[in-house]
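A.B. asks: Structure of the sequence below:
(2 chains)
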Amino acid sequence: MNNPNQDVKITITLPTNAYFISGIRDFTLNMVKSTTNFEERWAYRFQSVIDELCNNAIEYGSAPGSDIRVTFYYKKDDYLKISVEDTGTGKNKINAAGLQKLFDGRKAPGYAFTGIRGRGLVKIVGEWSDELKFEDRPEGGLKISTTKYIKDARKKDEGLSQNQATPTSIPSIKLNI
Amino acid sequence: MTDVRITIEDTSAGTNKNMRIIHIGGQLDESNVDEKIQEIYKLLEANPQNLFLIFDLENLEYMNSKSIGYLTDIYGKITEGGGKVTLAKARPNIADILQVVGLTQLIQSFDSIEAAKAALSS
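C.D. replies: Take a look at the predicted model:
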C-alpha cells in the first residue's frame, strides 16, 4: 500500500504532435484533483499552463518525429512543479536567456498583444506561476519549469472550501505515449 | 483532432440587427482551432459591416491562448465594421482564462443569451 504522505513525481514522454495534448490536459486535471490539495480551479489552471507549455515545445522546440518530456513533481501540502523539456531540434533556436528576454519584454506594462499568438507564456503561464524558470538543457533544447505553492493558491481563492479528497500516493511514475 | 463543434444561428428575425449566435462546444485547442475558426471568418467575410455576434460558450470545455487570440482578432474586425461582440454563458474555467488574458476587459460577458442579446440590441 502506498504511503499517502509521500511526494509524487510523474514523468511523461510524448511525441511532437498536438493530437496527444488533450490526453495530457485530461491527465493534469485528474491528477491535480485527486493527488494534490489545490482548489479545483487550479486543476483547470494547471491544465491550461501545461497545454501552453507543451504547444510551445511542439511548435518551436522539438522537430516532428522527436519528443517532449513533461514532469510533474508534487511536494505534499507545499507546491506543484511542472517542467516541460524540448530537444532543441525545432524551428525556433532560442536559448533560455533569449526566451527570458522575450518573456520580460512581453510582460512589460503597456505591451500590446496584437497577433493571434504570444499570449500563452506570459498571460497564462506567467500569471498562474509563483516561479517560472527557463533553463538550457545540457543535451540541447530548453526546460521550462513552473512552480505554484499551495498556500498562495489558497490565499487567492479566499472564501472557497479548503476540504479536499485524501491525496493518493504515486511515488514515481514514468509514462511514454 | 480534438472534438469541437461550431454552429452559427441567425437570430436577426424580430430585431433590426444582423445578429448571429455562435454556439461553440467541446475543446478548442492547437489541434483544431486553425481549421474550425475559419467558419467564423467566412461569416465575417460575408458580413463585413454591422454584424452583431454572441458567442455562446455554454458547452465550451476548454480554449487555449490561440483561440483567445482569434477571438480578439474577430472582435477587432467586427467593431471596425460597426458591429458588436458579446460572450455568454461561459463556464467558470473559461471565464477564468478569459479574465487572466484580459479579454473580459475588451468584450462584455453575460450569464444568459437573453442578456447578451439585450446588450447588442441597445
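A.B. asks: And the nearest residue to B:Lys89 once chain neighbours are set aside, how far from B:Leu51?
C.D. replies: Spatially, and ignoring its direct neighbours in sequence, B:Lys89 is nearest to B:Glu58 (3.9 Å; Cβ to Cβ, 6 or more residues apart in numbering or on different chains). Where C-beta positions appear, they are placed from N, C-alpha and C, glycine not excepted. Between B:Glu58 and B:Leu51 the distance, using Cβ to Cβ, to the nearest Å, works out to 21 Å.
A.B. asks: what do you get for A:Ala153?
C.D. replies: Per Cβ to Cβ, A:Ala153 is found 40 Å from B:Leu51.
A.B. asks: coming back round to it: does the residue nearest to B:Lys89 really touch B:Ile94, like I thought?
C.D. replies: No: using Cβ atoms under 8 Å, B:Glu58 makes no contact with B:Ile94, being 9.6 Å away.
A.B. asks: who's more crowded, these two?
C.D. replies: It is B:Ile94, of B:Glu58 and B:Ile94, that has more neighbours when counted by other Cβ atoms under 10 Å in any protein chain shown, with 23 against 14.
A.B. asks: Tell me which helix or strand that one sits in.
C.D. replies: Following DSSP states H and E, one finds B:Ile94 within helix B:92-100.
A.B. asks: Report the contact partners of residue 106.
C.D. replies: No chain was given, so I picked chain A. The contact partners of A:Arg106, taken as Cβ atoms under 8 Å, 6 or more residues apart in numbering or on different chains, are A:Phe113, A:Gly118, A:Leu121, A:Val122.
A.B. asks: was after chain B, sorry
C.D. replies: If you count contacts by Cβ under 8 Å, 6+ apart, B:Leu106 has them with B:Thr72, B:Tyr75.
A.B. asks: Up against chain A, what does chain B have?
C.D. replies: Applying the criterion Cβ under 8 Å from any Cβ of the partner chain, the portion of chain B that neighbours chain A consists of B:1-2, B:27, B:29-31, B:62, B:64-66, B:68-70, B:72-73, B:92-93, B:96-97, B:100-102.
A.B. asks: among these, which are in helices?
C.D. replies: Judged by DSSP state H, the subset of the residues of chain B next to chain A located in helices is B:Ser65, B:Lys66, B:Ile68, B:Gly69, B:Tyr70, B:Thr72, B:Asp73, B:Pro92, B:Asn93, B:Asp96, B:Ile97, B:Val100.
A.B. asks: could you pull out the strands for chain B?
C.D. replies: B:4-10, B:18-28, B:51-63, B:84-88, B:108-110 (DSSP state E).
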